[in-house]
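> What follows is a predicted protein model with its sequence.
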Amino acid sequence: MKIGIIGLGHVGSTVAYKLLLENLGDEMVLIDTNRDKLNAEILEMQDVAQNLARKVRILPVPVVNDPLGAPGEKTFVEPDYALLADADFVVFSAADLSKLEMTDRLGELPITSKIVEEVAPKLKASGFSGVVLSISNPCDVIAQYLQQQTGFPASKVIGTGTLLDTNRLKNRTGRQDVLMVGEHGESQTAVNQVSDTLAQQGRLSGWNIFTVKGYTNFGIASCAARILRAMVEDSGAELPVSSYDPETGTYYSVLAALDRNGVVSRRCPALTESEQAGLDTSIAKIKDIYSQTIRNHYREG
């Protein structure tokens, strides 16, 4: 089992750490445009791997420098997409929040969409044919854009979607029978007779974390690991992830059955009239933003 992670910010590095602790994978390939960061994360993940009962190989092989040496004497490992040729899964977590002041995940779109345009050709050229799990925001639009730019089957490109939002809603309501569907964003819709107040508290939970830390990492990393485990174990488990709906031509979250090859089937639970209206609004929003992204791509191209 070989898993690649593209983008080693707060989320990507936490995902790598989480996957190691859960013994998911025999080989892990790390990729980042910041060669210093890439080298450091590989070195540290190798240190983590020494504590595991089962050995995991971390790639590419890092460079060890004299930290007191002159800057010009230092060399660093290069990101190598060719190592993904035989990977089973790739986690796409590339982003850049350093210049953003966000009140909506859509604020990340101009930067993240450009990263997709840079990464997709390299990922496709590598010969990779596994499943892509996309974390980067705005989750639904980026998952669909990544699928469009790579040309991979839609069933093999999925987003983490509203699994994290559903977890937050469960925490706010104290119930396990609730669900968030639609956008991983402000238009997400709570299902199963959740009050407007509790639904809003669920939506705001992430911002409560983000406004203090400047990022979120542990919750989403654990969601990524849970989704990957469902696929690795070929379990057919249903999780609320962002996947392609051929009827609307859009990525959004409902319950999706997962196996080693990605999405097997999609299912939306029975909705009330107001819940259906909320989901329809959410889908329309995602479609509009995605259409704008495509138009901007061709305009600039």
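Structure received.
> Mean confidence (pLDDT) on the top strand by length along the chain, please.
If you go by DSSP state E, the chain has its longest strand at strand 250-259. Averaging pLDDT along strand 250-259 yields 98.
> need the longest helix for the protein.
helix 273-300 (DSSP state H).
> Packing partners of that one?
helix 109-125, helix 139-150, strand 189-191, strand 250-259 (3 or more CB pairs under 8 Å, 6 or more residues apart in numbering; DSSP states H and E). No exception for glycine: its C-beta is placed from N, CA and C like everyone else's.
> so the last one versus helix 273-300, what angle?
Angular relation of strand 250-259 and helix 273-300 on a 0 to 180 degree scale: 110 degrees, by axes from the mean of the first three to the mean of the last three CA atoms, to 10 degrees.
> Mind giving me the packing neighbours of strand 250-259?
helix 139-150, strand 157-159, strand 179-181, helix 218-232, strand 238-245, strand 262-267, helix 273-300.
> before we move on, the earlier item: mind checking which of the helices and strands packed on helix 273-300 is nearest Ser282?
Checking those against Ser282 by CB to CB gives strand 189-191 as the closest, at 5.7 Å.
> Excluding sequence neighbours, find me the nearest residue to the residue nearest the centre of the chain.
What sits nearest the mean C-alpha location of the chain, by CA atoms, centre = their mean, is Ile135, with 1.4 Å. The shortest distance from Ile135 to any non-neighbouring residue, by CB to CB, 6 or more residues apart in numbering, is to Ser93 (4.4 Å).
> what's the distance between the one you found and Leu169?
23 Å (CB to CB, to the nearest Å).
> same deal with Ile5?
Plainly put, Ile5 is 27 Å away from Leu169 if you go by CB to CB.
> ok, now Ala125?
For Ala125, the distance to Leu169 equals 40 Å [CB to CB].
> Give me the more crowded residue out of the two.
Between Ala125 and Leu169, counted using other CB atoms under 10 Å, Leu169 has the larger neighbour count: 25 against 12.
> Can you pull the poorly scored residue ranges out of the stretch 51-200 of the chain?
Residue ranges of the stretch 51-200 of the chain with pLDDT under 70: 71-72, 97-106.
> Pull the number of nearby residues for the closest residue to Leu179 other than its chain neighbours.
Nearest non-adjacent residue to Leu179, counting by CB to CB, 6+ apart: Val191, 4.4 Å away. Val191 is flanked by 27 other residues according to other CB under 10 Å.
> go on, Asp88?
Asp88, neighbours per other CB under 10 Å, totals 20.
> residues in contact with the nearest residue to it once chain neighbours are set aside?
Nearest residue to Asp88 in three dimensions, chain neighbours excluded: Gly130, at 4.7 Å (CB to CB, 6+ apart). Gly130 makes contact with 87-90, 156, according to CB atoms under 8 Å, 6 or more residues apart in numbering.
> sorry, back to before: show me what the mean pLDDT comes to for the longest helix of the chain.
pLDDT averaged over helix 273-300 gives 90.
> what phi and what psi does the backbone show at Leu204?
phi -80, psi -10 (degrees, to the nearest 10).
> Next, work out how far apart it and Asp165 are.
On the measure of CB to CB, Leu204 and Asp165 end up 11 Å apart.
> How about Asp96?
Asp96 is 23 Å from Asp165, by CB to CB.
> Give me the more crowded residue out of the two.
Neighbours per residue, other CB under 10 Å: of Asp96 and Asp165, the larger number sits with Asp165, 29 against 15.
> any idea which helix or strand carries that one?
Applying DSSP states H and E as the criterion places Asp165 in helix 163-173.
> I'd like the distance from that helix to the chain centre, please.
17 Å (CA atoms, centre = their mean, to the nearest Å).
> Pull out the buried residues from that helix.
163-170, 172-173 (16 or more other CB atoms under 10 Å).
> swap in stretch 59-70?
Result for stretch 59-70 [16+ other CB under 10 Å]: buried residues 59-60, 62.
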